[in-house]
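> Fold the following.
(2 chains)
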Amino acid sequence: MTDLRTLHDAFDELERRADAATAGLPPGIAPGTRADASRSRTRLVPIALAAAVVAGVATGAVLLVPDDGPVTRTAQPGASSTAPPVTTTSTPPPPAHESPEVLAERFRAVLGDLATFVVTESGPGASVMTLPAGPPTGAPTDLGPKPGKRVGAAIVGTLTATGVTGGFDLLMYPGRVGDKAQCNLPEEPGCTVRDLPDGSSLATSQVALEGSGVTNEVKLIRPDGLVFGMHVSNRQSPKGSGALLADRPPLTVEQLVQIATSDRW
Amino acid sequence: MEFGEYVVGQRPALMRFATVLTCRTWLAEDIVSDVLGRAFERWDRISVMAEPHAYVRRMVVNEYLSWRRRLARTSPRADVEPDVARIGDGADERASRDAMIRRLARLPRRQRAAVVLRYYAGLPDAEIAVELGCRVTTVRSQISRALATLRVDLTANPHSYQETR
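Now for the predicted structure:
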């Protein structure tokens, strides 16, 4: 057993991590602690953890992408029966995760007639972050942009299929080769994880939320590390909050798998 | 108070609170950014409240408690994964602290929120009950179970951390 001092020590340490993240201090150069920092850097190199997370809306700003904006002006690859002209100077299409706009464009192509969607938020797919090497000293000096390399793309909004509307989010980003897909709540009975013949790792789940809410999830990690994640819910927010829009999500788990594994990406 | 002033003045405190609450700096950043984005949209109403920061902090708690329903647009790699190297650096206190962080991270979210609100934010149980939307007795039972999981013996230090109200 311990006493509450240990709990407060834990709080203090977490505060230090928060300060380091807020200040954007690179590992091991906390001001005034060069000797300690050097030791910390050495100690932490083998245990540095990278965490990827979808970036939320920027502080104090919400990026709105209207449905009739650039997203809807794009062509739908595969929808035309006329083969496009081929020239030797054409450049390959950008990867779907290059930007939210490209992701939305490709998503629209993948969906075809299955569903329509409106994007209300967009941003990078993930922020690769590394644990600070040691506790910083002094007050945060930089309240500007958050540290961490932003990669990939993400879009959030509402999606309608066969008259059923719900919230959705979709992200793609280049992750780590060899990572395995996991359900967010692996203990949920609806969680399944399996490897696909091409070496991809696939996790799917359906989770019942409070108040008749349901969210379907798919996560696919391709052999090259590319991460695809999508959620659809019968609630306004893909987080499972907000108004209940329907009695079920607009897409089934099976449909999410078909989308994730589509060769149109 | 202008929203920009609030962000400059209080974002570090929100980040600290969110990090203690989530045990993950990246998740704390995400939650704080989401919350500040929504607070910005309704700042005209929040700014005239008696305690705008308390309201925004409650938004952080609510966002955190609803976070699990978001079903991870994230990789489930946490800042607090067991790391033997830290424990093995010879500092018993550091090892105990890191072990405590790991136990804290494994608590059910509502239990963790209750513990953080009482022992970090210093709120009385009645206010915690309001923040969590439950009864005071539920708060106390959540904290009791959490302390058992955390292996915290209140009798070991009876005078340092009494309820404030």
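
> any bit of the helix of greatest length in chain A sitting next to chain B?
Counting residues, the longest helix in chain A under DSSP state H turns out to be helix A:4-23. Yes - using Cβ under 8 Å from any Cβ of the partner chain, we find that helix A:4-23 touches chain B at A:4-11, A:13-15, A:17-22. Where C-beta positions appear, they are placed from N, C-alpha and C, glycine not excepted.

> Return the residues in contact with A:D169.
Neighbour list for A:D169: A:V54, A:A154, A:I155, A:V156, A:G157, A:G229, A:M230, A:H231, A:P238, B:R73 [criterion: Cβ atoms under 8 Å, 6 or more residues apart in numbering or on different chains].

> any bit of the helix or strand containing A:A109 sitting next to chain B?
Per DSSP states H and E: A:A109 is located in helix A:100-111. No - legend: contact between helix A:100-111 and chain B by Cβ under 8 Å from any Cβ is lacking; minimum distance shown is 13.0 Å.

> I'd like the mean pLDDT over that helix, please.
In this model, helix A:100-111 has a mean pLDDT of 93.

> I'd like to know which elements it is packed against.
The elements that helix A:100-111 packs onto, with contact taken as 3 or more Cβ pairs under 8 Å, 6 or more residues apart in numbering or on different chains; DSSP states H and E, are strand A:116-123, strand A:153-161, strand A:164-174.

> now the angle from that helix to strand A:153-161?
With axes from the mean of the first three to the mean of the last three Cα atoms, to 10 degrees defining the directions, helix A:100-111 sits at 40 degrees from strand A:153-161.

> For helix A:100-111, list the C-alpha coordinates in PDB.
Only the C-alpha atoms of helix A:100-111 are listed here, as PDB (Å, rounded to 0.1, in the frame of the first residue of the first chain):
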ATOM      1  CA  PRO A 100      -8.500  16.000 -46.300                       C
ATOM      2  CA  GLU A 101      -9.700  17.200 -49.700                       C
ATOM      3  CA  VAL A 102      -8.100  14.300 -51.500                       C
ATOM      4  CA  LEU A 103      -9.400  11.900 -48.800                       C
ATOM      5  CA  ALA A 104     -12.900  13.200 -49.300                       C
ATOM      6  CA  GLU A 105     -12.700  13.000 -53.000                       C
ATOM      7  CA  ARG A 106     -11.500   9.400 -52.900                       C
ATOM      8  CA  PHE A 107     -14.000   8.500 -50.200                       C
ATOM      9  CA  ARG A 108     -16.800   9.800 -52.500                       C
ATOM     10  CA  ALA A 109     -15.400   7.600 -55.300                       C
ATOM     11  CA  VAL A 110     -15.200   4.600 -53.100                       C
ATOM     12  CA  LEU A 111     -18.800   5.100 -51.900                       C
END
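
> Including mean pLDDT, could the helices and strands packed on helix A:100-111 go into TSV?
Formatted as TSV, the helices and strands packed on helix A:100-111 follow (pLDDT from 0 to 100):
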stretch	mean pLDDT
strand A:116-123	89
strand A:153-161	92
strand A:164-174	92
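
> winner for burial among these?
Mean neighbours per residue, mean count of other Cβ atoms under 10 Å in any protein chain shown, is largest over the helices and strands packed on helix A:100-111 for strand A:164-174, with a mean of 25.

> partners of that strand in the sheet?
Here strand A:164-174 is paired, per DSSP bridges, with strand A:153-161 (antiparallel), strand A:226-233 (antiparallel).

> mean confidence score for the very next helix or strand once past it?
Per DSSP H and E, the first helix or strand lying C-terminal to strand A:164-174 is strand A:192-195. Strand A:192-195 carries an average pLDDT of 92.

> and after strand A:192-195, which helix or strand comes next?
strand A:201-208.

> Enumerate the positions of that next one that are buried.
Neighbour counts over strand A:201-208 (16 or more other Cβ atoms under 10 Å in any protein chain shown) mark A:S201, A:L202, A:A203, A:T204, A:S205, A:Q206, A:V207 as buried.

> Tell me the helices and strands packed up against it.
With contacts taken as 3+ Cβ pairs under 8 Å, 6+ apart, strand A:201-208 sits against strand A:192-195, strand A:214-221, helix A:253-260.

> Just the CA atoms of the second one, as PDB, please.
Extracted in PDB, the C-alpha atoms of strand A:214-221 (Å, rounded to 0.1, in the frame of the first residue of the first chain):
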ATOM      1  CA  VAL A 214     -24.700   2.300 -31.800                       C
ATOM      2  CA  THR A 215     -21.300   2.900 -33.400                       C
ATOM      3  CA  ASN A 216     -19.700   0.700 -36.000                       C
ATOM      4  CA  GLU A 217     -15.900   0.700 -36.300                       C
ATOM      5  CA  VAL A 218     -13.400  -0.600 -38.700                       C
ATOM      6  CA  LYS A 219      -9.600  -0.300 -38.600                       C
ATOM      7  CA  LEU A 220      -7.300  -1.600 -41.200                       C
ATOM      8  CA  ILE A 221      -3.600  -1.500 -41.200                       C
END
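
> Go through the longest helix of chain A and flag the buried ones.
Going by neighbour count (16+ other Cβ under 10 Å), the buried part of helix A:4-23 is A:4-11, A:13-23.

> residue ranges with poor pLDDT in chain A?
Residue ranges of chain A with pLDDT under 70: A:1, A:24-90, A:127-149, A:185-188, A:210, A:239-240.

> B:R110 reaches B:A129, doesn't it?
No - contact between B:R110 and B:A129 fails when scored by Cβ atoms under 8 Å: they sit 11.5 Å apart.

> How about the contacts made by the nearest residue to A:A203 once chain neighbours are set aside?
Distance criterion Cβ to Cβ, 6 or more residues apart in numbering or on different chains; nearest residue to A:A203, sequence neighbours excluded, is A:A181 at 3.8 Å. Going by Cβ under 8 Å, 6+ apart, A:A181 touches A:V193, A:S201, A:L202, A:A203, A:K219, A:L220, A:I221.

> quick check, nearest of the contacts of A:D169 to A:H97?
Among the contacts of A:D169, A:A154 lies closest to A:H97 (Cβ to Cβ), at 8.9 Å.

> And that closest one, how close does it get to B:A121?
According to Cβ to Cβ, to the nearest Å, A:A154 stands 31 Å off from B:A121.

> same check, this time on A:L256
As defined by Cβ to Cβ, A:L256 lies at a distance of 39 Å from B:A121.

> Neighbour count for those two, which is higher?
For A:L256 versus B:A121, neighbours defined as other Cβ atoms under 10 Å in any protein chain shown are more numerous around A:L256 (25 against 17).

> I'd guessed the more buried one sits against A:T204; true?
Yes - counting by Cβ under 8 Å, A:T204 is a contact partner of A:L256 at 6.9 Å.

> Would you mind measuring the gap between the ends of stretch B:131-139?
Taking Cα to Cα, to the nearest Å, stretch B:131-139 runs 10 Å from one end to the other.

> what's in contact with that stretch?
Stretch B:131-139 has contacts (Cβ under 8 Å, 6+ apart) with B:58, B:61, B:65, B:110, B:113-114, B:117-118, B:123, B:125-126, B:128-129, B:142.
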